[in-house]
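1. prediction below, plus the sequence it came from.
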Amino acid sequence: MYDKPIEQHREFLLNTDYINNGVQHRYKFNNDYGASVVKHDFSYGGKNGLWELAVLDFTVDKSGEITYHTPITQDVIGHLAWNNVESILQEIKEL
């Protein structure tokens with residue numbers, strides 16, 4: 001029913017939660033950036049089986065706070081296929 005995180009970034013996966021009739025994967029990379037990747041009834045694209053990604057900053061808050069100040073995006077990114085999520089996760093990892 002829910003897509004599983006791909007092996008490429010599994011070691012950076014903090015947790016998976018099932019919320020709002022969907023799923024959230026949270027990642028943290030060694031550079032103290034990470035991502036919240038969601039697909040649920042209220043996410044951008046969730047009702048169409050697509051993902052929404054928000055960049056997280058773990059220097060502000062140890063649990064990760066959404067940041068709107070990165071070269072990746074200044075907002076959340078919605079309507080993503082999983083392969084696009086993987087590409088953006090790699091970009092965040094390389095910040």
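-> Everything's here; your move. Residues are numbered from 1 along each chain as shown.
2. can you tell me how far Val38 is from Thr59?
-> 22 Å (CB to CB, to the nearest Å). To be clear about C-beta, it is placed using only N, CA and C from the backbone, and glycine gets the same treatment.
3. more neighbours: which of those two?
-> Neighbours were counted for Val38 and for Thr59 using other CB atoms under 10 Å; Val38 has more, 24 against 11.
4. for the more buried one, what are its contacts?
-> Residues counted as contacts of Val38 (CB atoms under 8 Å, 6 or more residues apart in numbering) are Ile19, Gly22, Val23, Gln24, His25, Gly46, Trp51, Glu52, Leu53, Ala54.
5. so who does Gly22 touch?
-> When contacts are counted by CB under 8 Å, 6+ apart, Gly22 touches Tyr2, Val38, Lys39, His40, Asp41, Ser43, Gly46.
6. from these, which land in helices?
-> Within these, no residue falls in helices by DSSP state H.
7. closest to Leu80 out of these?
-> Lys39 (9.1 Å; CB to CB).
8. what strand or helix carries the residue lying closest to Ile77 once chain neighbours are set aside?
-> Spatial nearest neighbour of Ile77, excluding adjacent residues (CB to CB, 6 or more residues apart in numbering): Leu53 at 4.9 Å. Using DSSP states H and E, Leu53 maps to strand 51-57.
9. any idea what Val55 is bridged to?
-> Note on Val55: beta-bridge partners Ala35, judged by DSSP bridges.
10. what's the burial count for it?
-> 27.
11. any chance of the contacts of Val38 in TSV, with pLDDT and distance to Leu13 too?
-> Below are these laid out as TSV (pLDDT from 0 to 100; distance: CB to CB, whole Å):
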residue	pLDDT	distance to Leu13
Ile19	95	16
Gly22	96	17
Val23	95	12
Gln24	96	11
His25	95	6
Gly46	96	19
Trp51	97	14
Glu52	98	17
Leu53	98	14
Ala54	98	15
